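**Q** got a predicted structure plus its sequence, pasted below:
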Amino acid sequence: MEAIVYEEFGGPEVLRHEAGVTVPLPGPGEVRVKVAAVGVNPVDWKRRYGWVEAFYPTAFPAVPGLEFAGTVDALGEGVTELGVGDEVFGWSRTGAYAEYAIADVVARKPAGLSWESAASIPVAGETAKRVLELLGVERGETLLLHGAAGAVGAVAAQLAVAAGVTVIGTASERNHAFLRELGVTPVTYGEGLGDRVRAAAPQGVDAVFDAAGHDTLPVSIELLGGETSRIVTIAATDAAEHGIVFSGVTVEAATAREWLTGLAALAVDGRLRLDIADTLPLKEAARAQELSEAGHVRGKLVLLP
């Protein structure tokens, strides 16, 4: 099968497009999926560098990619709730940058949801819901969301706003109009961020969701008066040095499936906006990761095998 493979940590140049990779077989409780679309995430290139081994250990040769959408084409032993030909989306156990992927956590794709949109839900959606629950933000509270215009940030912002939470979102100036459309009060990151947040939220900030990781933790701690218990990051690898939770572990399978199903329903109903920044062929995976790493993409990058 066609797949992207790497055998050492490093830059985008370690990624190779190969056409003769062995097609994987599903084990008990697993399905094999003919991949139609693959979501590209920052964790993909962070894993490629070897920066997140504590959370996502790598066995070489490795195929990148966590999330996909596609059609079930083979069933492992014991799988009864799905059938060959079912359209699904979820997480890959074997790597999603491939023509075929093995998965044990999937949800059915609604007919009204595109392959690209479905492939953009699992990581951003599960991460957004998990962190918001960890923070325990409630109606009437104010959330500071770093990286609010990114794929995870945009989903988290919409879920929080829908729950009655005031969201202050950091982003570059060019993304401010987009954030206002989502109901977010935008502020520009960089020097003087603390003062800009205080001006935008004179009532104060109750919790911080860091989806950016650009040296935002010190000012976040300052804005919460030195308190760190209601700050969670998914991007700052130095979180432990600040006494802050780094959340990089998914929830248990049943909950994940429930969340995916609910998020897909919101997207089909138009209550969850999923912006696709660009689609690229699978063989251009290195280019897609370069674009992601540059940090200027609004919305989701999607690979098409």
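**A** Alright, I've got the coordinates.

**Q** kindly export stretch 17-32 (C-alpha atoms) in CSV.
**A** Extracted C-alpha coordinates of stretch 17-32, given in CSV (Å, rounded to 0.1, in the frame of the first residue of the first chain):
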residue,chain,number,x,y,z
HIS,A,17,6.6,8.3,0.5
GLU,A,18,6.6,4.5,-0.1
ALA,A,19,4.3,2.5,-2.4
GLY,A,20,5.1,-1.0,-1.3
VAL,A,21,4.3,-1.0,2.4
THR,A,22,2.6,-4.1,3.7
VAL,A,23,-1.1,-3.8,4.3
PRO,A,24,-1.9,-4.2,8.0
LEU,A,25,-4.3,-6.8,9.3
PRO,A,26,-6.9,-6.0,12.0
GLY,A,27,-6.6,-7.7,15.4
PRO,A,28,-9.3,-8.6,17.8
GLY,A,29,-11.7,-5.7,18.3
GLU,A,30,-10.1,-3.7,15.5
VAL,A,31,-11.2,-2.7,12.0
ARG,A,32,-9.1,-2.0,8.9
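
**Q** any weak-confidence spans in the stretch 101-250 of the chain?
**A** Low-confidence segments of the stretch 101-250 of the chain (pLDDT under 70): 249.

**Q** how far away is the residue of the chain positioned farthest from its centre from P186?
**A** Distance to the chain centre peaks in the chain at P202, reaching 30.5 Å (criterion: Cα atoms, centre = their mean). For P202, the distance to P186 (Cβ to Cβ, to the nearest Å) stands at 16 Å. The way it works is simple: take the backbone N, C-alpha and C, and place the C-beta from them, glycine included.

**Q** for this structure, which helix is longest?
**A** helix 253-268 (DSSP state H).

**Q** and it, what does it pack against?
**A** Packing contacts for helix 253-268, counted by 3 or more Cβ pairs under 8 Å, 6 or more residues apart in numbering; DSSP states H and E, involve strand 87-91, strand 105-108, helix 122-135.

**Q** centre of the chain to the following helix or strand past the longest one, how far?
**A** Sequence-wise, the next helix or strand beyond helix 122-135 is strand 142-146, with elements assigned using DSSP states H and E. Per Cα atoms, centre = their mean, to the nearest Å, the displacement of strand 142-146 from the mean C-alpha position of its chain is 17 Å.

**Q** which residues sit against strand 142-146?
**A** Here strand 142-146 makes contact (Cβ atoms under 8 Å, 6 or more residues apart in numbering) with 135, 137, 153, 156-157, 160, 165-170, 184, 189, 197, 201, 203-214, 216, 220, 223, 235.

**Q** now, which of those residues lie within strands?
**A** Among these, the residues falling in strands (DSSP state E) are T166, V167, I168, G169, T170, A207, V208, F209, D210.

**Q** let's see the longest helix of the chain as CSV, backbone CA atoms only.
**A** In CSV, the C-alpha atoms belonging to helix 253-268 read as follows (Å, rounded to 0.1, in the frame of the first residue of the first chain):
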residue,chain,number,x,y,z
ALA,A,253,-12.7,4.4,24.2
ALA,A,254,-16.5,4.5,25.0
THR,A,255,-16.3,8.2,26.0
ALA,A,256,-14.3,9.0,22.9
ARG,A,257,-16.8,7.4,20.6
GLU,A,258,-19.6,9.2,22.3
TRP,A,259,-17.8,12.6,21.9
LEU,A,260,-17.0,11.9,18.2
THR,A,261,-20.7,11.1,17.5
GLY,A,262,-21.9,14.2,19.3
LEU,A,263,-19.3,16.5,17.6
ALA,A,264,-20.2,15.1,14.1
ALA,A,265,-23.9,15.8,14.8
LEU,A,266,-23.0,19.4,15.8
ALA,A,267,-21.0,19.8,12.6
VAL,A,268,-23.8,18.5,10.4
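
**Q** immediately after it, which helix or strand?
**A** strand 276-281.

**Q** what packs against that following strand?
**A** Contact here means 3+ Cβ pairs under 8 Å, 6+ apart; on that basis strand 276-281 packs against helix 115-119, helix 285-294, strand 300-304.

**Q** right, and the ones you listed - which one's nearest F178?
**A** Evaluated with Cβ to Cβ, those place strand 300-304 nearest to F178, the distance being 13.6 Å.

**Q** neighbouring contacts of that closest one?
**A** With Cβ under 8 Å, 6+ apart, strand 300-304 has contacts from 36-40, 65, 97, 116, 119-120, 124, 151, 274-282, 284-285, 288, 291-292.

**Q** one step back: now that we have the contacts of strand 142-146, which of them are buried?
**A** By neighbour count, with 16 or more other Cβ atoms under 10 Å, the contacts of strand 142-146 hold 135, 137, 153, 156-157, 160, 165-170, 184, 189, 197, 201, 205-213, 216, 220, 223, 235 as buried.
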